[in-house]
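**Q** Mind looking at a prediction? Sequence and model below.
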Amino acid sequence: MRILFYLVYRRAALGPVLVLGAHFLFIITIYGRFPWVSDLMHLAGGFAMALFFLSAFTGRESDRIFGKMSGLTVALMAISLTTMVAVFWEFAEWTADNVFGTHTQLGLNDTMSDLLLGLTGAVAVSLLHAFLARNRRKSGPSQACPGRTKDHRVRSSR
C-alpha cells in the first residue's frame with residue numbers, strides 16, 4: 001500500500017500543495033491590494049484538487065482499490081470530492097475569521113463565488129480529462145505515438 005501511495009499520490013498531490021503554498025504566500029503579500037487573486041486561487045484549487053482525485057481514480061491500482069468505475073463515475077467522484085474540499089476550505093476561512101480575527105470571508109457573495117469557482121475548476125478538469133481519454137481511445141497507442149507498438153515498446157529500427 002505504501003508503494004501505491006508513493007507512485008500515485010505523490011505526483012498527484014503536488015498541485016494541491018503548490019496551490020496551498022501560493023495561497024498562504026499571497027495572504028501575506030498581495031491579497032489586500034489585489035482581491036481578484038483570491039478568485040484565481042479558488043479556481044486553481046478546483047483544478048488542482050480535481051487533478052488529484054482523477055489521478056487517484058485512474059491510477060494503475062485504482063481498479064483493485066476502488067473497483068471498476070466508468071468514466072462518468074470517475075468524473076462525478078472527482079467533482080464531488082473537489083466541491084467537498086471547497087466547502088471545508090470555506091469552513092476553515094470562517095474559523096480563521098472567528099478565531100484569529102482575519103477577514104478572509106467578505107460575505108455570502110464572496111463565499112458562494114469561491115465555491116462556484118472551485119466547482120468550475122473541477123468541472124473544467126473533468127471535461128478535459130474525458131475529452132483526452134476519448135481521443136486516446138479513438139487513436140490508439142500505435143497511432144498516437146508512431147514509434148511505438150500497441151504494448152508501448154519502442155520498435156527496433158533494424
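**A** Received, thanks.
**Q** now the strands for this structure?
**A** With strands called from DSSP state E, the chain shows none.
**Q** Going along the chain, name the helices of it.
**A** For the chain, the helices defined by DSSP state H cover 2-4, 10-12, 14-29, 36-58, 62-66, 71-100, 108-144.
**Q** Give me whichever of those is most buried.
**A** Comparing the helices of the chain by mean neighbour count (mean count of other C-beta atoms under 10 Å), helix 36-58 comes out on top with a mean of 21. From N, CA and C alone the C-beta is placed, and that goes for glycine too.
**Q** the inter-axis angle of that helix versus helix 108-144?
**A** Angle, helix 36-58 to helix 108-144, by axes from the mean of the first three to the mean of the last three C-alpha atoms, to 10 degrees: 40 degrees.
**Q** and helix 36-58, what other elements does it pack with?
**A** Other elements packing on helix 36-58 under the criterion 3 or more C-beta pairs under 8 Å, 6 or more residues apart in numbering; DSSP states H and E are helix 10-12, helix 14-29, helix 71-100, helix 108-144.
**Q** returning to what we had before: adding mean pLDDT, write the helices of the chain out as TSV.
**A** TSV is the format used below for the helices of the chain (pLDDT from 0 to 100):
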stretch	mean pLDDT
helix 2-4	51
helix 10-12	64
helix 14-29	72
helix 36-58	88
helix 62-66	74
helix 71-100	91
helix 108-144	84
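**Q** Would you format the helices and strands packed on helix 36-58 as JSON lines with distance to Pro35 included?
**A** As requested, the helices and strands packed on helix 36-58 are exported to JSON lines (distance: least, C-beta to C-beta, whole Å):
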{"stretch": "helix 10-12", "distance to Pro35": "30"}
{"stretch": "helix 14-29", "distance to Pro35": "11"}
{"stretch": "helix 71-100", "distance to Pro35": "14"}
{"stretch": "helix 108-144", "distance to Pro35": "9"}
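**Q** Among those helices, which comes closest to Met41?
**A** For the helices and strands packed on helix 36-58, the distance to Met41 is smallest for helix 14-29, at 5.1 Å, taking C-beta to C-beta.
**Q** And the nearest residue to Phe57 once chain neighbours are set aside, how close does it get to Phe131?
**A** The shortest distance from Phe57 to any non-neighbouring residue, by C-beta to C-beta, 6 or more residues apart in numbering, is to Val74 (4.5 Å). Taking C-beta to C-beta, to the nearest Å as the measure, Val74 falls 14 Å from Phe131.
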